[in-house]
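**Student:** Give me a 3D structure for the following:
(2 chains)
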There are 2 protein chains.
Amino acid sequence: MKAYEKLSHIQKERNTLLCIGLDPDIDKLPYHYPRNSKGILSFCIDIINSTKNLTAAYKINFAFFEVLGKESFGIIEQLIEQIPNEVFIIADAKRSDIGNSAKFYAKSLFDYFKFDAATINPLMGRDSIDPFLTYTDKFTFALGLTSNIGADDFLKQILWIEKPFFSFIIEKLAEWYPRENIGFVVGATQSDYFTEIRKIVPNHNLLIPGVGAQGGDINKLKEIGLMPSLVNVSRDILYHKTNDDYQMEVIRKTSYYKHLLAIE
Amino acid sequence: MKAYEKLSHIQKERNTLLCIGLDPDIDKLPYHYPRNSKGILSFCIDIINSTKNLTAAYKINFAFFEVLGKESFGIIEQLIEQIPNEVFIIADAKRSDIGNSAKFYAKSLFDYFKFDAATINPLMGRDSIDPFLTYTDKFTFALGLTSNIGADDFLKQILWIEKPFFSFIIEKLAEWYPRENIGFVVGATQSDYFTEIRKIVPNHNLLIPGVGAQGGDINKLKEIGLMPSLVNVSRDILYHKTNDDYQMEVIRKTSYYKHLLAIE
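**Tutor:** Numbering: from 1, shown residues only, chains lettered A, B, ... in the order given. Purely as a prediction, here's the structure:
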């Protein structure tokens, strides 16, 4: 089964667009986890065990693991083993390099870790993206319009052809690669631009972060046309003030987002 | 000593702008190294031992290590230990993410591994770059105009203000951050644009890949103004057809580039 079919299948089966972002911040761990690699691993495994039947996907944010140094990739490997086979897994690594190097990043994420999908930064152009797209059984999300304030600095700059830079990137990638393999990261905080993006790629999968802690308005996106997409929630599911019944709170929040992001 | 001082000091002492790129491709290893993590590690250690007194810097390309999976970061750590303290070390990881994630990438590269410098992809804008630049004792090279053909796709697109996108990026970053902390990756293959870039940042450090295997013309760059910069050579120093006296060939090539890239 190709990655895009796996995604669509699990989304229908669980009736949700929810993707849980595994961003384990050592400073925010509940007190009963040690503040080290082992604590990060146990915390993530507990989150996975509480949520693995309620979500369509997990997104592993490499930054939060790489800070652990030499143990980081081993921990990511152990986490992947905990995730049921039918659940879609995204490597959120935002890699970018010239073709000769990019092929090793793709090999790491797709062949070694066996992720279903990866995020990439498309700035360096086609030959830097090709090595990911040669994996026709996998899926690649390129940065489209990111959720952060810094998206104003470069991605929203207007080209001489009177298009913002992000539109140009999305258009080109949609032209170069099949819809079965390429999608775009579009921040939920960018709802003012969502209509424009959906005009360019009405049927492409979007990976939408920025809901919850970052304040993105999911209802506005729903009105414009959320499908097909995956909506990522990280902090709002992972971190809670309570220390008693922590996992109950995780499950409660996950269920809330699962239903908010129902397909029907 | 701040990173930019360390760089300038070792460059003067060794009278060279040479940076050796550690891009250990498992398929290109000489036959006497096993084609696994151990082989990669021994190969890199042998390269370092042959060249550590002839170069101003090493650039570790993360892609070539990450393909090794869970052992990758441990291998990078062991390599760093082999490099003399006075030699400048760059993490070529081209990371990019929103501020909250980018700070963990910066922490990994600067606090954990203790690199002197890192490469970043600036596409996501200022808040994605800030976490690297808060390390005022370190140095950050942002992608300016990369060496690959794909640089034509996005980086050379013209904005409505009649500037190419890469010029706009370089201008903004030079405006936002002190020259002691920010530099730019500019491919040696982009010599037609080098005059334009040196007009914007005449005194900023550039990290210049694309010499050797990629065919960049270093003499043309010298005419325009190479200093201050670091010129990276990877494949042309690392790989040779011979299997006898392999390290002699490494030393011969390194000496060639050391002199080609002499300051005076």
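
**Student:** now the helices for the stretch 101-250 of chain A?
**Tutor:** Taking DSSP state H, counting those that start in this stretch, the helices of the stretch 101-250 of chain A run over residues A:126-133, A:165-176, A:194-200, A:218-224, A:235-238, A:246-260.

**Student:** For the fifth one, name the packing helices and strands.
**Tutor:** Think helix A:235-238. Counting contacts by 3 or more CB pairs under 8 Å, 6 or more residues apart in numbering or on different chains; DSSP states H and E, helix A:235-238 is packed against strand A:18-22, helix A:37-51, helix A:246-260. Just so you know, the C-beta spots here come from the backbone N, C-alpha and C atoms, and that holds for glycine as well.

**Student:** how about TSV for the ones you listed, with mean neighbour count added?
**Tutor:** Listed next are the helices and strands packed on helix A:235-238 as TSV, based on neighbours: other CB atoms under 10 Å in any protein chain shown:
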stretch	mean neighbour count
strand A:18-22	27
helix A:37-51	19
helix A:246-260	17
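
**Student:** circling back to that earlier point, deepest-packed of the helices of the stretch 101-250 of chain A, please.
**Tutor:** Highest mean neighbour count among the helices of the stretch 101-250 of chain A (mean count of other CB atoms under 10 Å in any protein chain shown): helix A:126-133, with a mean of 23.

**Student:** Packing partners of that one?
**Tutor:** Counting contacts by 3+ CB pairs under 8 Å, 6+ apart, helix A:126-133 packs against helix A:99-106, strand A:117-120, strand A:139-145, helix A:165-176.

**Student:** for the closest residue to A:Val250 other than its chain neighbours, what are its contacts?
**Tutor:** Sequence neighbours aside, A:Ser50 is the residue nearest to A:Val250 in space, at 4.8 Å (criterion: CB to CB, 6 or more residues apart in numbering or on different chains). Taking CB atoms under 8 Å, 6 or more residues apart in numbering or on different chains, we find A:Ser50 in contact with A:247, A:250-251, A:254.

**Student:** Identify the residues contacting A:Glu249.
**Tutor:** A:240, A:242.

**Student:** and it, what pLDDT?
**Tutor:** A:Glu249 carries a pLDDT value of 96.

**Student:** do A:Lys220 as well
**Tutor:** In this model, A:Lys220 is scored at 90, pLDDT.

**Student:** Tell me the spacing between it and A:His259.
**Tutor:** Plainly put, A:Lys220 is 18 Å away from A:His259 if you go by CB to CB, to the nearest Å.

**Student:** does any part of stretch A:31-41 sit near chain B?
**Tutor:** No: against chain B, stretch A:31-41 shows no contacts by CB under 8 Å from any CB of the partner chain, the least distance being 11.4 Å.

**Student:** end to end, how far does that stretch reach?
**Tutor:** Start and end residues of stretch A:31-41 are separated by 14 Å (CA to CA, to the nearest Å).

**Student:** Next: stretch A:138-150.
**Tutor:** In stretch A:138-150, first residue to last residue: 29 Å (CA to CA).

**Student:** where's that stretch relative to the chain centroid, distance-wise?
**Tutor:** 9 Å (CA atoms, centre = their mean, to the nearest Å).
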